[in-house]
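Chemist: here is my input; please provide its structure:
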Amino acid sequence: DLYLFLDPDTVGPSDHDSCVFSRDCGRKHYGDSRISLAHIDPSWRPWSIVNEGVYDINAKIPGVWVPASVKLESACVTMDVGFLASGSSDRITLEDCSHAVAILDVELPERLPVQNFSDYSWALQRAQLLPSFSSWQTHGENTARDCACAPPYPRLLWSVNDKGVAMAHEDRKAAAAFERAMKTRPQIFQIKATSTESRTRIQVSIHILSLLHRAQGRLTRSGPVTTSWRLLTDHADLAPHPFVKFRLQSNSNDATIKLPTALNYLRGSQPKSLSWMITQEQGRQIGITEVEETVHSGLGWRIEAQAQMTLTVRGGVLADLPSFGKTVTTIGLIQSEFEEHSPKALVQHNQSLTAKLPKLLDSAATLIVCPPHIVLQWQSELKKFLDVEQYKRYNVLVIETYARLQSLTIDDLLGSRVIIVSWIIFADEDYVADLARFTAMPKPATTSRRAFDAWMTRTDDEIPRSLLDLQTQGYQKFQKSSMELIDERMQHPEFQASLPMKIRHGSAYESFGSSALANSNAKGKAQGKKKGAISGVRTHPVPLLHLFRFNRIVVDEYHYLNDEKKIANSLAAISIKHVAALKRWVLSGTPALANFSDIDQIASFLGLKLGRYFFGDGTTTTQVEKVRKSDQTRVEDFLSQTEIMSRQWHQARHERAQEFLDLFVRQNEASLQHISCSEQLLPIELNIAHHTVYLELSQHLISQRMQIKKLSKKLSSDRTDRLNDSLNNSVSAEEALLKSALLFETDNGESGLDLLMTKRTQQSRNAERELLKLLAEFEGLMLLEKQKQKKGEEGITDLYEHFKKDVKHYNSFGDEDASKRVRQLLTKARETPSLKPLSELKGVSAVKREQLMKKRLSQLRELARELTLRMRSERFIESIKNLLKPLTSRSEDTFSCSSPQCEGTATLAQLNLVSHCGHTACEKCLDKRSDDEVCVHPGCNSPVHEINLIRVPDLGTTGTQNAGRDFGNKLETIVQLIKDFPDDDQGIVFAPNEETIGILEMVFDHHNVSYHSTSNCRPAAAAKIMEDFKTNQVPNERKQVLLLNLGSESAAGVNLVNANHVIFLSPFLAKTQYEYDSAMVQAIARSRRYGQQKKVHIYHVVAQRTIDVDILEHRHKRNDGITTSGWTMKMPQATGSKREKTKLIKNDAGQMALVPASWLADEGKRLMLEVGETPDSFTSLINFSEMLDHNGK
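Modeler: Reported below is the predicted structural model:
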């Protein structure tokens, strides 16, 4: 096709524009050009033609295409190239880090511009590939650390407040000097280009030694270091993609050694696991590597320098899946050693290995550090597997509290072979305070993890000196000298960073030691009774665990110490890592393996640092990393923003982390096929009243985009109370919905809908009163402000007038009923304005006054929006009340929806409830809408999509309310399930959080269900409760169920084979897939493990069409299906080992199942399940907030 049209130019006069002939008539963007066959003279316009006829016009043809014979050949540019390759590496001399090594020298016989690299980069395109150092070039061993190109990190200074608490601060002067040194150190790549009239020379040099020094400076330990470097000339920026997932080896390929006959209690793969542990304790070497790199994207070069030191580690990680027997294997390790060596011989051997280390109190004991609730379990397991004489000989010490540790002596600990300690002791304030006194250090602030770690590092340096002083001086003299030493230290600049202590003279002077001691004593008196601390003057030093070098330390369930929500656990983890031991073990059935930082965290318990901290690997960022980033010093924050590492650097680091796992971590799976297990689904349909309460809250939270936060009590108002009440005092929208789906409490058969309607009506009236009060205050205020406002200035009066205009003339709240009500309130306020408006404005400056008025105007709009939400809630409940009778009677009548044009022919099955606004909408009226995204009611602008529509038959059951007190179908079903247990069966009920345990306690108390709960218990009491649940067989005292929080460490580690029923009250609201999977595996393994003699029953309780189903389908990944107890159809076989997201379905017979989502795409499997291609959905209407990651990671 050929077109004739006016093609205007973007610049110049319009009468210079020409009509053109072109085959392209499309719109062009700025800078694009059009290919035209001919340009007509600008004076000609087609609309100037008067009559039809033939006209001669002038046209310009741009040119004529003619064939051309063209041959492309490479331009031959003669150049001289000098370069270094791997064969000539012996010619490289690295003596001074300020000296750059020439790698490439190119000379051309012509003059080139050399101002910018891009001017001459083409000349290097072939030559830049010639240098070849792709393999590592060893530089040799080097122990020198001080170098300007790798400046040391700024030291920490400490400020001490009046209470004797030390807070860490980065030395600002040193930090400034560090930043200057980083900015002024030599660039790694140095390109020098010079040109004369006839020649151009380009030299590329690299500061190799400088990069080597930087890599070496990253190592955190001193000792022999091997350095090497390499140059890659084919670097390419790789696109981010997930790394290969970390894998854990089993012991199947490890050799088995002959074990003492006393260990015949080990079964299955446990002897092989123990053999590996014994081999590990002989010492395994690992290279710790730090790599520095610099990339020149123009050249495509990447220079890497690595510094490596070899360390010997005795120990490792038992990551065996829950139920394998990590505890018994560890007991076997302890026992096997004492079968061959006496404690004295062990200590002598250990001392020979640690002769070069600082002197501590050498102990032959194994220190077992575990969560408080399994301290007694470790003791009972030792009693179980050691004979009576052995157990007595081991002199096992159990230390649950710091008061118990205070009652012991150093000799008590040195005389024990096994010490079991609760990890809460390490973060105990009194323990930290005593450690500070022992080392003559001020007590640290316990609000920062990094500062606490720095403090612990400093105390490590002081402990050997303090121990020597104690041994030579005696305890009483040692105490006095320690106080004198700390007074002396307080005068040192290191402890006067930014808050120097006040200098006092004469009678006002008080030494640091006495002031800190006074504070400690005052605190001790206040807490003595509560903590059971020892009273009176202490006659012996507390045997602080950091004073000893144990033969072995074992940290059980270590991953709970990394809980970023509990700073006490983080501080305990830091303190535990500073306990000296020759051999180190950590136990966990569900270790975190998301990225390098997780692996480095595991390694840190073995005394290793696999590499420097770098925020994220470009693919996965964990919550622990985010916490660590918040703890960064200013220098570290500066570096994290200026350093960008290549994808290859992250890949290499990932591979080194995998190497660590291969060397030090083993994961075995228990063979539990002999333990019969059934898994059932308990889908609960809520009654209409309960479901209405849930839907109304859901609609409110959806309107807030699931981002609503609990409002501060400081902003005290009726609105604050109403919104906080709506959230059920939850920390997130999802948690509020979980509780709403769980509990619906009524008394004496009261109508839940009537109660809810009364409550919402009252809240609506309260919102009206508050809105009217504020409107009246603004009406009174405007009378005063209009007099003050200068002509021509826009002030608060204009803003308020805009608000009034919106209310009067527009449906500004998207709901005509609400807009009408606000207009009525505005009229009433105008008639009765406040005489003393906004009292908080009195006596404030003009600027502050303006800010306060604008803030109150914003609150005015918020109150109007809240009133709209409350009125919609009332309408929502009223609509359901009107439908209750026909739903109960299963009426076949026809109904009209909220559209004025509705024909009134809709059945209940064709009627929908709009969740956002409470209007009803039938299928016909939805199809007739002119705007298919809004409500059918003309005065309502609420968005209506399929996800916002609730089918009326899906509102819930219409069964009668129970007489007396009722808690909703879900909780009543769980109570009945427990009452149906056989008499000699026990169960565990896992609740998703602490607050739901309180709900369960209330319900079980009402229904006389006997239970144990560890909620709100002290750790030592929780351990005793669990032991009682396991061992108490007295009929009148034995508890039927144990309540545990699925989200805490109380659900991990404990052996509860006495219970064979496991009930999941609600799906676990976890932030990540790892957290969910870990919690579920740990929970089930409490009952399904070695020693279980009964069939294990697992129940997943979910409320249909609530967030329960959303979470279950999102998180509970499976490769097989689970059904309700009444399922009669044959289920498809599990396909493969990969688990996937699931879908809750109901078949034609009304039976329900949870199946892998992919099964619904398979016609054969759908036939087996008796479901259609698009089965009904039982999810709710929400989209998850940021509480849950959406990738399911």
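Chemist: how many other residues sit next to His916?
Modeler: His916 is flanked by 24 other residues according to other C-beta atoms under 10 Å. C-beta coordinates here come from the backbone N, C-alpha and C atoms, glycine included.
Chemist: got the contact list for the nearest residue to it once chain neighbours are set aside?
Modeler: Distances taken as C-beta to C-beta, 6 or more residues apart in numbering place Ser942 nearest to His916, at 4.3 Å, with adjacent residues excluded. Residues near Ser942 by C-beta atoms under 8 Å, 6 or more residues apart in numbering: 814-815, 872, 914, 916-917, 919, 934-935, 948.
Chemist: and with 7 Å instead?
Modeler: By C-beta atoms under 7 Å, 6 or more residues apart in numbering, Ser942 lies in contact with 814, 914, 916-917, 934-935.
Chemist: from those residues, which one has the minimum pLDDT?
Modeler: In terms of pLDDT, the weakest of the contacts of Ser942 is His916, which scores 83.
Chemist: may I ask which of the contacts of Ser942 has the most neighbours?
Modeler: Top of these by neighbour count (other C-beta under 10 Å): Cys917, with 31 neighbours.
Chemist: next, give phi and psi for it.
Modeler: Per-residue torsions, Cys917: phi -120, psi -20 (degrees, to the nearest 10).
Chemist: go on, the one 5 residues further on?
Modeler: With angles defined as degrees, to the nearest 10, Cys922 sits at phi -90, psi 170.
Chemist: ok, so what distance separates it from Cys902?
Modeler: Going from Cys922 to Cys902 by C-beta to C-beta, to the nearest Å gives 6 Å.
Chemist: same deal with Lys1130?
Modeler: 46 Å.
Chemist: looking at the two, which is more packed in?
Modeler: A direct count of neighbours by other C-beta under 10 Å for Lys1130 and Cys902 places Cys902 higher, at 18 against 8.
Chemist: so that one lies in a strand, does it not?
Modeler: No: counting by DSSP: H, G, I helix; E, B strand; the rest coil, Cys902 falls outside a strand, being coil.
Chemist: hmm, it is touching Gln910, no?
Modeler: No: contact criterion C-beta atoms under 7 Å: Cys902 and Gln910 do not qualify, at 11.2 Å.
Chemist: what's the overlap in contacts for the two?
Modeler: Cys922.
Chemist: the domain parsing of this protein - what is it?
Modeler: Per automatic domain parsing, the structural domains of the chain span 3-60, 80-149+186-232, 261-666, 672-686+968-1103, 689-734+748-760+872-955, 764-787+795-870, 1107-1193.
Chemist: straight-line length of stretch 672-685, end to end?
Modeler: End-to-end span of stretch 672-685 (C-alpha to C-alpha, to the nearest Å): 34 Å.
Chemist: sorry, that was for stretch 553-570
Modeler: End to end - C-alpha to C-alpha - stretch 553-570 spans 18 Å.
Chemist: and it, average pLDDT?
Modeler: Stretch 553-570 comes out at a mean pLDDT of 88.
Chemist: please point out which parts of that stretch sit buried.
Modeler: 553-564, 567-570 (16 or more other C-beta atoms under 10 Å).
Chemist: run the chain-centre distance for the longest helix along the chain.
Modeler: Longest helix in the chain by number of residues, with DSSP state H as the criterion: helix 846-889. The chain centroid and the centroid of helix 846-889 are separated by 34 Å, computed with C-alpha atoms, centre = their mean, to the nearest Å.
Chemist: after it, next one along is what?
Modeler: The helix or strand immediately downstream of helix 846-889 is strand 911-914, counting by DSSP states H and E.
Chemist: helices or strands next to that following strand in the packing?
Modeler: strand 920-922, strand 949-951 (3 or more C-beta pairs under 7 Å, 6 or more residues apart in numbering; DSSP states H and E).
Chemist: pairing partners for that strand, with directions?
Modeler: strand 920-922 (antiparallel), strand 949-951 (antiparallel) (DSSP bridges).
Chemist: of all those strands, which one is nearest Leu84?
Modeler: For Leu84, the closest of the strands paired with strand 911-914 is strand 949-951, at 72.4 Å, according to C-beta to C-beta.
Chemist: hang on, the earlier thing: among the strands paired with strand 911-914, which is the most enclosed?
Modeler: strand 920-922 (a mean of 25; mean count of other C-beta atoms under 10 Å).
Chemist: look up the pLDDT of Tyr984 for me, please.
Modeler: Small correction: residue 984 is Asp, not Tyr. So, for Asp984, pLDDT stands at 91.
Chemist: again with Ser726
Modeler: Reported pLDDT for Ser726: 57.
Chemist: same question, Asp105
Modeler: On the pLDDT scale, Asp105 gets 94.
Chemist: export the one helix or strand it maps to as CSV, just CAs?
Modeler: Secondary structure assigned from DSSP H and E places Asp105 in strand 101-108. Listed next in CSV are the C-alpha coordinates belonging to strand 101-108 (Å, rounded to 0.1, in the frame of the first residue of the first chain):
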residue,chain,number,x,y,z
VAL,A,101,52.3,-5.0,37.4
ALA,A,102,52.1,-4.3,33.7
ILE,A,103,50.0,-7.0,32.1
LEU,A,104,49.3,-5.7,28.6
ASP,A,105,51.2,-3.2,26.5
VAL,A,106,49.7,-2.3,23.1
GLU,A,107,51.3,0.1,20.6
LEU,A,108,49.6,1.3,17.3
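Chemist: right, and the helix or strand after the helix or strand of the chain with the lowest mean pLDDT?
Modeler: Across the helices and strands of the chain, mean confidence by mean pLDDT, DSSP states H and E is lowest for helix 512-531: a mean of 42. Helices and strands here follow DSSP H and E; after helix 512-531, the next one along the chain is strand 548-556.
Chemist: for that following strand, packing partners?
Modeler: By 3+ C-beta pairs under 7 Å, 6+ apart, strand 548-556 packs against strand 361-362, strand 366-370, strand 580-587.
Chemist: could I get the ones you listed as JSON lines with mean neighbour count?
Modeler: Output for those, formatted as JSON lines (neighbours: other C-beta atoms under 10 Å):
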{"stretch": "strand 361-362", "mean neighbour count": "17"}
{"stretch": "strand 366-370", "mean neighbour count": "26"}
{"stretch": "strand 580-587", "mean neighbour count": "24"}
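Chemist: if we can go back for a sec, Phe117: which of the strands paired with strand 911-914 is closest?
Modeler: Here strand 949-951 is closest among the strands paired with strand 911-914 (C-beta to C-beta), at 61.5 Å.
Chemist: show me where the stretch 401-550 of the chain has its strands.
Modeler: 418-422, 443-444, 548-556 (DSSP state E, counting those that start in this stretch).
Chemist: distance to Ser48 added to these, as a markdown table?
Modeler: Below are the strands of the stretch 401-550 of the chain laid out as a markdown table (distance: least, C-beta to C-beta, whole Å):
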| stretch | distance to Ser48 |
| --- | --- |
| strand 418-422 | 99 |
| strand 443-444 | 91 |
| strand 548-556 | 93 |
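Chemist: out of those, flag the one nearest Gly325.
Modeler: strand 548-556 (12.9 Å).
Chemist: find the residue closest to Glu669 in space, skipping its chain neighbours.
Modeler: Leu321 (4.9 Å).
Chemist: so who does that neighbour touch?
Modeler: 589, 667, 669-670, 1081.
Chemist: where's it relative to Ser588, distance?
Modeler: Relative to Ser588, and taking C-beta to C-beta, Leu321 is found at 10 Å.
Chemist: any chance of the domains of the chain in a markdown table with distance to Val70 as columns?
Modeler: Output for the domains of the chain, formatted as a markdown table (distance: least, C-beta to C-beta, whole Å):
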| stretch | distance to Val70 |
| --- | --- |
| domain 3-60 | 21 |
| domain 80-149+186-232 | 22 |
| domain 261-666 | 31 |
| domain 672-686+968-1103 | 60 |
| domain 689-734+748-760+872-955 | 59 |
| domain 764-787+795-870 | 68 |
| domain 1107-1193 | 53 |
